[in-house]
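> structure for this input, please:
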Amino acid sequence: MNIALFDIDGTLTASNEIDSECRADAFRDVFGFELDRNWDAYEHTTDRGIAMQALRERGRVATEHDLSLDRARCVQLLTKRMTNLQEIAGAGAFLAQLLARDWRIALCTGAWGDSARLKLSRAGLDFDLPLASCDYEISREGILQRGIALVGGGSHDTVVSFGDAPWDVRAARALKLPFIGIASGLRAEELRRSGAAEAFDDYRDAAAVFAAIDRVMLNR
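Residues are numbered from 1 along each chain as shown. Just a heads-up that it's a prediction; the model follows:
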């Protein structure tokens, strides 16, 4: 079985900027202090991990009630502010091609599940796909593993991970998964420095992306 795991923000939806803004503002609104917005500085770059670490550094243990308030405020802000969200160019068509080739797809996001579904809907990516999020897992590795489990994957399956950030590269490497980056400009260079052998601006050249899948599978 062939399995593709996709991050969402920056990988399928052009939502990095608005997501970071709403994520930080929601936390401040709920807990009363500012987050460090250097997301790569956190042990777990997920909404759950960021909130728990920031509260712990202030001497507070995050409860599930605390996290539910953070999640609800984040979704509320995104609903209000995210009025014109675009897909990463060619994302929907590429997902459709994968499904037509009998690939199984899981969406694996470090965001809260409700905010992830909202972003997918606003970007017109209304595919009925399994979603693994930080609602139940704190780490990126755990989220990828949950995504594989959601599609019935096992140790003998072909699995490729798609992402746009260094933490996506590290999580794939930790699980020994082939990785393809979706990012442009400085972000693409950052991915390559983090160890991504393949990176694309977007999905418009689907043939090139499929060729990259073949290469990363040969080199795993």
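> export the worst-scoring helix or strand of the chain on mean pLDDT as PDB, just CAs?
Every helix and strand of the chain was ranked by mean pLDDT, DSSP states H and E. The lowest is helix 185-193, at a mean of 87. Written as PDB, here are the backbone C-alpha positions of helix 185-193 (Å, rounded to 0.1, in the frame of the first residue of the first chain):
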ATOM      1  CA  GLY A 185      12.500  30.900  -1.600                       C
ATOM      2  CA  LEU A 186      14.200  31.100   1.800                       C
ATOM      3  CA  ARG A 187      11.900  28.500   3.300                       C
ATOM      4  CA  ALA A 188      13.000  26.000   0.600                       C
ATOM      5  CA  GLU A 189      16.600  26.700   1.500                       C
ATOM      6  CA  GLU A 190      15.800  26.200   5.100                       C
ATOM      7  CA  LEU A 191      14.300  22.800   4.300                       C
ATOM      8  CA  ARG A 192      17.400  21.800   2.300                       C
ATOM      9  CA  ARG A 193      19.700  22.800   5.200                       C
END
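> list the buried ones in the top helix by length along the chain?
Under DSSP state H, the helix in the chain containing the largest number of residues is helix 64-81. Within helix 64-81, the residues that qualify as buried by neighbour count (16 or more other CB atoms under 10 Å) are 66, 67, 69, 70, 71, 73, 74, 75, 77, 78. (Each C-beta comes from the backbone N, C-alpha and C, glycine too.)
> what's the most distant pair in these?
Considering CB to CB, no two members of these lie farther apart than 66 and 78, which are separated by 19.0 Å.
> which strands and helices sit next to the next helix or strand after the least confident helix or strand of the chain?
On the C-terminal side of helix 185-193, the closest following helix or strand by DSSP states H and E is strand 199-200. Based on contacts counted as 3 or more CB pairs under 8 Å, 6 or more residues apart in numbering; DSSP states H and E, the elements that strand 199-200 packs against are strand 179-182, helix 185-193, helix 206-218.
> helices or strands up against the last one?
Where contact means 3+ CB pairs under 8 Å, 6+ apart, helix 206-218 is packed against helix 91-100, strand 158-163, strand 179-182, strand 199-200.
> what mean pLDDT does the longest one get?
Averaging pLDDT along helix 91-100 yields 97.
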